[in-house]
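In: Take this sequence and fold it.
(2 chains)
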2 protein chains.
Amino acid sequence: MTKEIIAVDLGGTQLRAARYDAGLALLTREHTLTGADDGLEAVLARIKAIISLVMPSKRERVQGIGISAPGPLNSKTGVIVSPPNLPGWHDVPLGAIIEAEFGLPVYISNDANVAALAEASQGAAQGFRHVCYITVSTGIGSGIICAGRLVTGQAGLAAELGHIPIIVEAGRVSSVELEAAGPAIARQARQALAAGENTALHDLVAGDLERLDARLVGEAASKGDRLAIDLLAQAGRIIGLGIVTALHLFNPQIIVIGGGVSKTGELLFAPIRQTVREHVLDSAFTAGLRIVPAALGDDVALVGAAVLAATQGGDLDIGDLDRRFS
Amino acid sequence: MTKEIIAVDLGGTQLRAARYDAGLALLTREHTLTGADDGLEAVLARIKAIISLVMPSKRERVQGIGISAPGPLNSKTGVIVSPPNLPGWHDVPLGAIIEAEFGLPVYISNDANVAALAEASQGAAQGFRHVCYITVSTGIGSGIICAGRLVTGQAGLAAELGHIPIIVEAGRVSSVELEAAGPAIARQARQALAAGENTALHDLVAGDLERLDARLVGEAASKGDRLAIDLLAQAGRIIGLGIVTALHLFNPQIIVIGGGVSKTGELLFAPIRQTVREHVLDSAFTAGLRIVPAALGDDVALVGAAVLAATQGGDLDIGDLDRRFS
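Out: Below you'll find the predicted structure:
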């Protein structure tokens, strides 16, 4: 059981592949552009080519190929449904295509799920067996590890914390993502500007409301702008309620938060922690609980894809993996 | 591996114990009153005595003892925290006490978790590996089986679907249980009566508002009373949103609903199903999904406690258990 692993990170812009040994040490690594605008067939050819580049001469040394891909996708069938950032991709059986090409087992999961595996094996949640990873950027995704195993559900659709329904004003049902992800923060900022609120954001956008995004709100907040601070706090409260739901349903040891919006740091984390304290059922759920930023950088999806393959799609216990490595 | 199992159902009123063979066929069964008012020591003595009654003469034939107990409890340490219906019980190490008495492994879990195991092994969810069990009565509890294993979390506190936070009027944070369990239905009915609404409930309570409970609301609704029907529908919508959260986080194959309030049948199930259809992220989450009433009767906790022991606290795959039995 000292076989090697191939990992692929298929993103809307970047395409990366790497080969790891069974202890998850990096052996070789390649990257190129996805070229998504060239269409399905061109991208598939590039995926096959970059896998070939990292494949060892003796293919039997490889135990499997793990792929991080944009959702929605069915991790049980390996079918990519229709990712917004891969034009022309509709119900593409990527798993079957790559398996047929290389004759190796292929495991596919979405970016949030593989990030959870990566953070649990080499990142902020290393050594933990009950982990909730949340990414806050254009959307809100999550990956959940329960007793060492990735929570996938019957069709690999599980762990969509961003899509927890929440009731907002007048009984309307919205979701954590629609109220707290980057576009929601930007939308609320635009509404405040249009209403003439006093904020440094007026200067930052210089009259062009379209330029206003969550990054600019974060910038203004870090300089002490009251409106921007309040907008991040409001997002933090909504995300905090989502985390309370995760605590009550999964009773994890650690919450890891990544994604672009999480880079605003304590401006987001402090209201999250306060909301969790206020609304958790019992302090037993928060005893020893850590709420921490993600630790891994650009290669998080590659590392996660490798762990995905090593755990056979997240079905094996990540703790057994650690013991096998050591 | 053909060892026998002892199961105990410790309730606020009834105390039951049974012995099962490794295929979960009932060998012997005893029941008595818990006598909770006699206090901790008396109840502990009765638990030991009823276990002795069902214990085989050759104790080494028993692989373990499973106990269904009222929450809150820590299933990892076997400590019963302070159940409202067991006066005098505070942080009682029931697991350690029973282990010391009989020299056998003891597994303890709350009634909703063991009911989930029971329904998945012999009830409405038999043969399914991704199961969400919800009980709606005085409270709302749940037990969740994910890829064949019980979701327990780091301290056995997981699967508290009733405590999902929801935002109600004016931004106030409440929970699924506080808005949709039996007492919530009764509270809303009392408010409507006090406000002078036209309903058959006036006659059913005969002037004594204290008599009004969820059972009476169910009775009035089954006779076509509009207010009562609306109250159950409102509870169904809240429970439905909780189920949407469970679908998005666990992607189960089947939702089993038990507990007293669930006996109102389609008056509750129809609004649940409609809410799920309206608010699920994507039809992939509901493709093939079943939302069904619980199938097991009074012995659900005993059967579940036996499965709990057979799966070593829910850590073993319930599917492997089936294969072992067959």
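
In: buried residues in stretch A:304-315?
Out: Within stretch A:304-315, the residues that qualify as buried are A:Gly304, A:Ala305, A:Ala306, A:Val307, A:Leu308, A:Ala309, A:Ala310, A:Thr311, A:Gly313, A:Gly314, counting by 16 or more other C-beta atoms under 10 Å in any protein chain shown. (Each C-beta comes from the backbone N, C-alpha and C, glycine too.)

In: Just the ones of those in helices?
Out: Counting by DSSP state H, the members of the buried residues of stretch A:304-315 that fall within helices are A:Gly304, A:Ala305, A:Ala306, A:Val307, A:Leu308, A:Ala309, A:Ala310.

In: Pick the one among those closest to chain B.
Out: Minimum distance to chain B across these is 15.1 Å, recorded for A:Leu308 (C-beta to the nearest C-beta).

In: For the closest residue to the closest one other than its chain neighbours, what is the enclosing helix or strand?
Out: Taking C-beta to C-beta, 6 or more residues apart in numbering or on different chains, and ignoring the residues beside it in sequence, A:Leu308 has A:Gly66 as its nearest neighbour in space, at 3.9 Å. When elements are defined using DSSP states H and E, A:Gly66 is found to belong to strand A:62-69.

In: contacts for that strand?
Out: Residues outside strand A:62-69 that contact it (C-beta atoms under 8 Å, 6 or more residues apart in numbering or on different chains): A:3-10, A:19, A:22, A:51, A:55-56, A:80, A:83, A:94-95, A:98, A:102, A:104-111, A:114, A:301-302, A:304-310, A:312.

In: swap in stretch A:25-40?
Out: Residues lying outside stretch A:25-40 but in contact with it, judged by C-beta under 8 Å, 6+ apart, are A:4, A:10-21, A:42-43, A:46, A:50, A:53-54, A:85-89, A:92, A:302.

In: Quick check on these: which are buried?
Out: Neighbour-count burial within those applies to A:4, A:10-11, A:15-20, A:43, A:46, A:50, A:54, A:86, A:89, A:92, A:302; the criterion is 16+ other C-beta under 10 Å.

In: before we move on, the earlier item: pull the distance from the strand holding A:Gly66 to the chain's centre.
Out: Averaging C-alpha coordinates over strand A:62-69 and over its chain gives two centres that are 17 Å apart (C-alpha atoms, centre = their mean, to the nearest Å).

In: That one: what's the following helix or strand?
Out: Scanning forward in sequence from strand A:62-69, with DSSP H and E defining helices and strands, the next element found is strand A:73-74.

In: What's the mean pLDDT across that next one?
Out: Regarding strand A:73-74, the rounded mean pLDDT is 90.

In: Packing partners of it?
Out: Packing contacts for strand A:73-74, counted by 3 or more C-beta pairs under 8 Å, 6 or more residues apart in numbering or on different chains; DSSP states H and E, involve strand A:106-110.

In: now the strand it packs on against strand A:62-69, angle please.
Out: 20 degrees (axes from the mean of the first three to the mean of the last three C-alpha atoms, to 10 degrees).

In: what about strand A:106-110, near chain B?
Out: No - contact between strand A:106-110 and chain B is absent, the nearest approach being 12.4 Å (criterion: C-beta under 8 Å from any C-beta of the partner chain).

In: hmm, the helix or strand that that strand is followed by in reach of chain B?
Out: Proceeding N to C from strand A:106-110, the next assigned helix or strand is helix A:111-122, under DSSP H and E. No - figure legend: helix A:111-122 not in contact with chain B (C-beta under 8 Å from any C-beta); closest approach 11.8 Å.

In: angle of the helix or strand following helix A:111-122 against helix A:111-122?
Out: Proceeding N to C from helix A:111-122, the next assigned helix or strand is strand A:131-136, under DSSP H and E. Between strand A:131-136 and helix A:111-122, the angle formed by their directions is 130 degrees, by the same axes, to 10 degrees.
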